[in-house]
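Colleague: Everything below, folded, please.
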Amino acid sequence: ILSDLTTVRAAQIILASASPRRVEIFNEVLKLEARVEPSRFKEDLDKSIYTPHEYVKENARQKALEVYKRFTIPGEAPPTLVVGADTVVVNAGCILEKPKSRESAVEMLTSLSGSTHEVQLLSMHFFILY
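Modeller: Modelled structure (predicted):
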């Protein structure tokens, strides 16, 4: 779809993220003029039942779905496209998310120091046809 940027730019796009980097990519690099509406999804999925890839995929899906439902108004056209994304770090098979406090951040960085880890990033796109 990105091969036809004129069509994409004409769509009503909502980015379900407050990530400054994602906003920059959508609105400055791709010039999509996406409306930025951070998701209110709690991100409290049970990590034990997902692989890291499945986990970010489901989080991204839930974020996009929450924003889609919030901005779909009966009697009006729904958003053309809602994009949700998630990023996690995986260390020794454990999924690490954004720390919720300074202490958690220090603990996370200490656990990553001197070790190899990976970043799982996935964007999930919902194309809404009406």
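Colleague: what bridges to Asn94?
Modeller: Actually, residue 94 is Cys rather than Asn. Cys94 forms beta bridges with Asn91, as assigned by DSSP bridges.
Colleague: That one and Leu81, how far apart?
Modeller: Using Cβ to Cβ, to the nearest Å, Cys94 is found at 33 Å from Leu81. All C-beta spots, glycine's among them, are computed from the backbone N, C-alpha and C.
Colleague: Give me the more crowded residue out of the two.
Modeller: Set Cys94 next to Leu81 and count neighbours by other Cβ atoms under 10 Å: Leu81 wins out with 20 against 12.
Colleague: Quick check: the more buried one touching Ala16?
Modeller: No - using Cβ atoms under 8 Å, Leu81 makes no contact with Ala16, being 10.5 Å away.
Colleague: Let me know the pLDDT of the spatially most central residue of the chain.
Modeller: The residue lying closest to the centre of the chain (Cα atoms, centre = their mean) is Ala85, at 1.6 Å. At Ala85, the pLDDT value in this model is 89.
Colleague: Let me know the secondary structure of it.
Modeller: strand (DSSP: H, G, I helix; E, B strand; the rest coil).
Colleague: please begin residue numbering at 24 from this point
Modeller: Will do, 24 is the new start, and the previous item becomes Ala108.
Colleague: Restricting to C-alpha, output the longest helix anywhere in the chain in PDB.
Modeller: Secondary structure assigned by DSSP state H gives helix 75-94 as the longest helix of the chain. Extracted in PDB, the C-alpha atoms of helix 75-94 (Å, rounded to 0.1, in the frame of the first residue of the first chain):
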ATOM      1  CA  PRO A  75       8.000 -12.600  22.200                       C
ATOM      2  CA  HIS A  76       6.900 -12.200  18.600                       C
ATOM      3  CA  GLU A  77       3.300 -13.200  19.400                       C
ATOM      4  CA  TYR A  78       3.300 -10.900  22.400                       C
ATOM      5  CA  VAL A  79       4.200  -7.700  20.500                       C
ATOM      6  CA  LYS A  80       1.800  -8.700  17.700                       C
ATOM      7  CA  GLU A  81      -1.100  -9.100  20.200                       C
ATOM      8  CA  ASN A  82      -0.200  -5.900  22.100                       C
ATOM      9  CA  ALA A  83      -0.100  -4.000  18.800                       C
ATOM     10  CA  ARG A  84      -3.400  -5.500  17.700                       C
ATOM     11  CA  GLN A  85      -5.100  -4.600  21.000                       C
ATOM     12  CA  LYS A  86      -3.700  -1.100  20.900                       C
ATOM     13  CA  ALA A  87      -5.100  -0.500  17.400                       C
ATOM     14  CA  LEU A  88      -8.400  -2.200  18.300                       C
ATOM     15  CA  GLU A  89      -8.900   0.000  21.400                       C
ATOM     16  CA  VAL A  90      -8.300   3.200  19.400                       C
ATOM     17  CA  TYR A  91     -10.500   2.000  16.500                       C
ATOM     18  CA  LYS A  92     -13.400   1.300  18.900                       C
ATOM     19  CA  ARG A  93     -12.900   4.600  20.600                       C
ATOM     20  CA  PHE A  94     -13.000   6.600  17.300                       C
END
